[in-house]
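Participant: sequence first, predicted model second:
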Amino acid sequence: MDAKRILVGEFGRPHGVRGLLRLRSFTEAPEAIAAYGTLTDESGQRSFAFEVLPGGLARVRGVNDRDAAARLTGVKLYVLREALPPTDEDEFYLSDLIGLSAVGEDGTVLGRVMSVEDFGGGAFLTLRDAKGRDREIPFTRACVPVVDLAAGRCTVVPPEEIVVQPENASEKDEGEAA
């Protein structure tokens, strides 16, 4: 079984002619990305050792010119989950939520957490139900009041603004406007 890898950053466009790259770090403190040592690409086949420089830049070992840096633009950077520092008792990494069973307050299974996304407006969970339908739920304490990693589940309370179609709704009904 492959070890769980966590996305921690991404190389941006080249900066200058000496091989520097812009670096998007997804760690709490942007410079902390360097503390994990060598990172890999999405496939796990290529590894990168680099130094974080001021201004959101990185100097990658073996990359000495703009052309070499340009070939790395858009490469996502991963670290093994076990390389991350341990969390406190009531803390977790967002990636730990992926795969949890999502249940309602009454214990009804709503689906499984497929991903956690954050595009700047706050994190949300993508839940997939038994029929393969996805829905997004804001990842707030009000909508996800309980996360129980040991039990492999989280309690989800969808906000009233999210309309959930009944299980027996037809495709035609779902497409009609009110």
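Facilitator: Nice, I can see it.

Participant: which residues are in contact with stretch 95-102?
Facilitator: Outside stretch 95-102, the residues that touch it by Cβ atoms under 8 Å, 6 or more residues apart in numbering are 4, 6-7, 81, 109-116, 125, 127, 137, 139, 147, 149, 152-156. Where you see a C-beta, it was placed from the backbone N, CA and C, and this is true even at glycine.

Participant: can you report how many residues lie near residue 65?
Facilitator: Look at residue 65: counted by other Cβ atoms under 10 Å, it has 12 neighbours.

Participant: how close does the closest residue to it other than its chain neighbours sit to residue 49?
Facilitator: Nearest in space to residue 65, with sequence neighbours left out and distances taken as Cβ to Cβ, 6 or more residues apart in numbering, is residue 19 at 5.3 Å. Note on residue 19: its distance to residue 49, by Cβ to Cβ, to the nearest Å, is 13 Å.

Participant: so what sits against both of these two?
Facilitator: Here residue 19 and residue 49 have residue 60 as joint contacts, going by Cβ under 8 Å, 6+ apart.

Participant: same drill for these two, tell me which one is more crowded.
Facilitator: A count of neighbours by other Cβ under 10 Å puts residue 19 above the other of residue 19 and residue 49, at 21 against 12.

Participant: low-scoring stretches of the chain, by residue?
Facilitator: Counting by pLDDT under 70, the ranges of the chain that qualify are 1-3, 162-178.

Participant: domains for it, by residue range?
Facilitator: For the chain, the TED database gives the domain ranges 3-81, 92-153.

Participant: may I see those organised as JSON lines, with distance to residue 160 added?
Facilitator: Output for the domains of the chain, formatted as JSON lines (distance: least, Cβ to Cβ, whole Å):
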{"stretch": "domain 3-81", "distance to residue 160": "31"}
{"stretch": "domain 92-153", "distance to residue 160": "11"}
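
Participant: so which of the ones you listed is the most surrounded?
Facilitator: For the domains of the chain, average neighbour numbers computed from mean count of other Cβ atoms under 10 Å are highest in domain 3-81, which has a mean of 16.
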